[in-house]
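In: this is a predicted model, with the sequence first.
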Amino acid sequence: MRASLAPLSEREFRLLFIGRFASYIGSAVAPVALAFAVIDELEGSPTALGLVLMAAWLPQIVFVLIGGVFADRLPRHFVLVGSNVLSGAAQAAAAILLLTGSAEIWHFAALQVVRGIASSFFFPASTGIVPQTVSAPLLQQANALLRLTTNAALVFGTAAGGIAVAAVGSGWAIAFDAGTYFLSAGVLVFMRLPGTIKAASSVLHDLREGWQEFRSRQWLWVIVISALFGNMASNGSTGVLGPVVAQEALGGAAAWGAISAAGAAGLVLGGLITLRLKPRRPLLVGQIALLFWTLPLAALALELPTVAIAGFALLAGIGLELFGVYWDTTLQQHVPQEALSRVSSYDALGSFVAIPIGLSIVGPVSAAIGVSATLWVAFGICVVAMGGAFLSREVRTLERRNDTVEIDPTPEPAAVTSSP
């Protein structure tokens, strides 16, 4: 246990740990509150909910590459602070609109666009900042602890979200989320990171460098292509049709909150496993574990009892977390620090780009062929996409490293890497 918690002995990592925990408590409550605000309070359809959720993803497609460039140029903790403040302001506005009875569907869509822009800068910075806060041998433990704190917040937040929505309404739940964003920003602003990266080149030059780093690694772009189709099918179907199944067959928000909490509990268990389990081929182990992610889609399609769906969500969470920790660590070990945020932004772009498509079409598709049939189609797409990644030899054989590339405080522009 002492070895597993070793990253917390380093000041900058402790602040990052606390700041992310504060933010994610609220972020866990928000999806349940948002879904039932649209479905119940605004009497929206599954298609309307899909459009609102899509509004948060579209800006990430547009801005995430720019977010990666600036996260490689600026102090990454300040990028995180700015992202949290912007997200907090958007959620505060949504809460006020709900609590005053003034909210309409288009208000939520517009505010989700603002949150999406903030996320475009947050995710590349959050990936790139971790190696700056801990020594290289503690990198996997650091990633596991960060994801554990996120997932522990999800366990509490998703369960509390369903209860809070049922008890006091979506408006107060979203207001709580806004407050946690501001609290996180107040913690992260006190971080002191060495080796600020200064870049004198153009944004397009930086983007080209990041692209060369990305495409020169087969294991990287193969997994991203797999995630493109898997996220489109799973996020679209679960995000839109999960609450619909809960509302029509399982009893409503409390049931969906319990299922989401079980998935989050699986994430916590998976994180605990990764604190100790360090496979020689982490990418292979993570991709195998990711196959469990498909199970809740089948359970929802069958309209199994809430307890059974929650059980499959637990297994899915374990598999997803094993993949997540091993993927983050592999990126941080095999990609140069000075390009890490840009490479992670290409990762995010490829992984996210089709999610709005899934969110926008799942409502009309389910109206045409039925909710259950739509979920089965999504299940099939996910299995094929995730299984296809094993065709890559690099995915099957890439081994872990015990060192990372250190940041040069005043680096020259990185050389462009040629594609094999």
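Out: Yep, that arrived.
In: all strands of the stretch 1-150 of the chain, in order?
Out: Taking DSSP state E, counting those that start in this stretch, the stretch 1-150 of the chain contains no strands at all.
In: and the strands in the stretch 201-350 of the chain?
Out: Applying DSSP E, counting those that start in this stretch to the stretch 201-350 of the chain gives no strands.
In: count the neighbours of Leu322 for me.
Out: 26 (other CB atoms under 10 Å). For the C-beta atoms, the positions are set from N, CA and C on the backbone; glycine is no exception.
In: contacting residues around it?
Out: By CB atoms under 8 Å, 6 or more residues apart in numbering, the residues touching Leu322 are Gly270, Ile273, Thr274, Val285, Gly286, Ala289, Leu290.
In: please list only the buried members of these.
Out: Among these, those scoring as buried are Gly270, Thr274, Val285, Gly286, Ala289, Leu290 (criterion: 16 or more other CB atoms under 10 Å).
In: now compare the residues you listed and name the two farthest from each other.
Out: Thr274 and Leu290 (13.4 Å; CB to CB).
In: skipping adjacent residues, who's closest to the residue nearest the centre of the chain in space?
Out: For the chain, the residue nearest the mean C-alpha position is Phe123 (8.0 Å; CA atoms, centre = their mean). The shortest distance from Phe123 to any non-neighbouring residue, by CB to CB, 6 or more residues apart in numbering, is to Ala348 (5.2 Å).
In: my guess is the one you found contacts Ala125. True?
Out: No: look at Ala348 against Ala125 with CB atoms under 8 Å: they stay out of range, at 11.2 Å.
In: neighbour count: these two, which is higher?
Out: Taking other CB under 10 Å, Ala348 and Ala125 do not tie; Ala125 has more neighbours (26 against 23).
In: can you list the low-confidence ranges for the protein?
Out: Where the chain drops to pLDDT under 70, the residues are 1-4, 40-47, 158-159, 161-162, 166, 194-201, 402-420.
In: ok, back up a step: show me the contacts for the residue nearest to the centre of the chain.
Out: Taking CB under 8 Å, 6+ apart, one finds Gln60, Val64, Gly67, Ser344, Ser345, Ala348 in contact with Phe123.
In: identify the residue nearest the second one in space, chain neighbours excluded?
Out: Leaving aside its chain neighbours, Val64 sits nearest to Ser120 (4.4 Å; criterion: CB to CB, 6+ apart).
In: that neighbour: neighbour count?
Out: When counting by other CB under 10 Å, one arrives at 26 neighbours for Ser120.
In: for Gly26, see how far away it is.
Out: 19 Å (CB to CB, to the nearest Å).
In: then Pro131?
Out: From Pro131 to Gly26 the distance is 27 Å (CB to CB).
In: who has more neighbours, those two?
Out: Higher neighbour count among Pro131 and Gly26: Gly26, with 27 against 24, using other CB under 10 Å.
In: can you list contacts of stretch 302-318?
Out: The contact list for stretch 302-318 (CB under 8 Å, 6+ apart) reads 151, 245, 249-251, 255, 258-270, 273, 289, 292-296, 298-300, 372.
In: swap that for stretch 325-332, sorry
Out: So stretch 325-332 is contacted by 127, 130-131, 139-140, 143-144, 147, 219-220, 223, 270-271, 274, 279, 282-283, 285-286, 340, 343-344, 347, 398, 400, 404 (CB under 8 Å, 6+ apart).
In: which of those fall within helices?
Out: 127, 130-131, 139-140, 143-144, 147, 219-220, 223, 270-271, 274, 282-283, 285-286, 340, 343-344, 347 (DSSP state H).
In: related to what we said a few turns ago, these two touch, right, the residue nearest to Val64 and Phe70?
Out: No: using CB under 8 Å, Ser120 makes no contact with Phe70, being 9.8 Å away.
In: okay, buried residues for stretch 305-321 please.
Out: Using 16+ other CB under 10 Å as the burial criterion, the residues of stretch 305-321 that qualify are 306, 309-321.
In: can I get those in JSON lines with distance to Phe21?
Out: Shown next, in JSON lines, are these (distance: CB to CB, whole Å):
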{"residue": "Thr306", "distance to Phe21": "28"}
{"residue": "Ile309", "distance to Phe21": "27"}
{"residue": "Ala310", "distance to Phe21": "24"}
{"residue": "Gly311", "distance to Phe21": "27"}
{"residue": "Phe312", "distance to Phe21": "27"}
{"residue": "Ala313", "distance to Phe21": "22"}
{"residue": "Leu314", "distance to Phe21": "22"}
{"residue": "Leu315", "distance to Phe21": "25"}
{"residue": "Ala316", "distance to Phe21": "23"}
{"residue": "Gly317", "distance to Phe21": "18"}
{"residue": "Ile318", "distance to Phe21": "21"}
{"residue": "Gly319", "distance to Phe21": "23"}
{"residue": "Leu320", "distance to Phe21": "19"}
{"residue": "Glu321", "distance to Phe21": "16"}
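In: which parts of the stretch 251-400 of the chain are helices?
Out: Assigned by DSSP state H, counting those that start in this stretch, the helices in the stretch 251-400 of the chain fall at 253-276, 282-290, 295-301, 306-334, 340-352, 355-369, 371-388, 393-397.
In: point out the most buried one among the ones you listed.
Out: helix 340-352 (a mean of 25; mean count of other CB atoms under 10 Å).
In: how about the contacts made by Glu321?
Out: Arg147, Asn151, Gly266, Leu267, Val268, Leu269, Gly270, Gly271, Ile273, Thr274.
In: again, 6 Å this time
Out: Contacts here follow CB atoms under 6 Å, 6 or more residues apart in numbering; on that basis Glu321 touches Leu267, Gly270, Gly271.
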